[in-house]
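>>> Requesting a structural model of the entry that follows:
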Amino acid sequence: MNVPFFPPEASSLAPETDHLYFFLLGLSLFVMVFVFVPLTFFLFKYRRGRRANRAALNLPTNRIEITWTVIPTLISLGIFGAGASVYFKEEVPPQHYLDVNVIGKQWMWKIQHQEGNSEINELHVPVNQAIKLTLGSEDVIHSFFIPAFRLKQDVVPGRFATEWFQPTRTGTYRFYCSEYCGMDHAKMEGFVYVMPAAEYKQWLEQAPPRNTLAQSGEKLYRILGCSGCHDGQTLVHAPPMEGLYGALVPLGDGTTVRADETYLRASILQPASHTVAGYQPVMPAYQGRVSEEQLMELIAYIKSVAHSEPLKKP
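Reported below is the predicted structural model:
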């Protein structure tokens, strides 16, 4: 059976991650040799009954102490800096990216594209294009893991997680759930298909006609009655959704938050704890009334009107 020693580097951040990994591995091997080779030598040289010079040595102890304190400290700071650099690059997506939603549940991954395409245990993406994942769980803790991209993100119920990657090689790559989540955990896997941009566009167009994620969110927005308060046309005093996403929002407790996915999720599920300054906490909570999939559709709609002007009362 042909088992590769290491998965291929198929994303823009994979080489940096591997360089740091192999540096730490090499440093660990060096320290092991540096410690255990002399230790083994001295165990035999100074064992009981062996003739050896055991007189105290006159060594420059201060210089030795300073050396083995300063050098490991500098190495540790270098490792911290390199690790922090990789971490922040992994956590902050570039300016232009494709949004993809991922929902984990026992025992499958459901993928939602903004164009309306849905997949089960499969993810189609274009090569050399940054992909931002918004991940949620409908039941227990899962972990979305693509070894070839060096991407692993825990997905915890009750919150969204985000991660991004940019594939650099076309091909097919496996992804897994790497957090034990129940009886069929080992079967919770799938494939990423990295395609040339033209083939990816063709794949999107081959899907049957359907609403985009934002259009589905707008429909749900009206079914749930959200438009009855937030459209600026009623007597109910509620903040508009137009221009909300990405803006700074002053809250009633005097704090200010950025209206990102996390804030929007909390405001939908538990609005009383995130009341906007100047408004009354009259919005009903939707905790238990909407699924993770519906939450992502609602947020996709709010994102789609981020650059729109609020409606004005006649």
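>>> Got phi/psi on the residue nearest to Glu138 when sequence neighbours are not counted?
For Glu138, ignoring the flanking residues on the chain, the nearest one in space by C-beta to C-beta, 6 or more residues apart in numbering is Lys105 at 4.1 Å. Where C-beta positions appear, they are placed from N, C-alpha and C, glycine not excepted. In terms of degrees, to the nearest 10, the main-chain angles of Lys105 are phi -160, psi 160.
>>> and the one helix or strand Glu297 maps to, how far out from the chain's middle?
Using DSSP states H and E, Glu297 sits within helix 292-304. In this view, helix 292-304 has its centroid 18 Å away from the chain centroid, taken as C-alpha atoms, centre = their mean, to the nearest Å.
>>> do stretch 69-85 as well
Worked out by C-alpha atoms, centre = their mean, stretch 69-85 lies 25 Å from the chain centre.
>>> Helix, strand, or coil at Lys152?
At Lys152 the chain is in strand, as set by DSSP: H, G, I helix; E, B strand; the rest coil.
>>> A helix includes Phe145, no?
No: per three-state DSSP, Phe145 lies outside any helix segment and is strand.
>>> Tell me what it is bridged to.
Lys152, Tyr176 (DSSP bridges).
>>> so what pLDDT did it get?
pLDDT, Phe145: 94.
>>> That one is in contact with Tyr176, isn't it?
Yes: the pair Phe145 / Tyr176 is scored as a contact, 4.8 Å apart, by C-beta atoms under 8 Å.
>>> Not counting residues beside it along the chain, what's closest to Gln112?
Once flanking residues are discounted, Gln112 sits nearest to Asn101: 4.0 Å by C-beta to C-beta, 6+ apart.
>>> distance of the one you found from Leu213?
Relative to Leu213, Asn101 is positioned 7 Å away (C-beta to C-beta, to the nearest Å).
>>> Find residues that contact each of the two.
Residues touching both Asn101 and Leu213 (C-beta atoms under 8 Å, 6 or more residues apart in numbering): Gln112, His113, Met296, Ala300.
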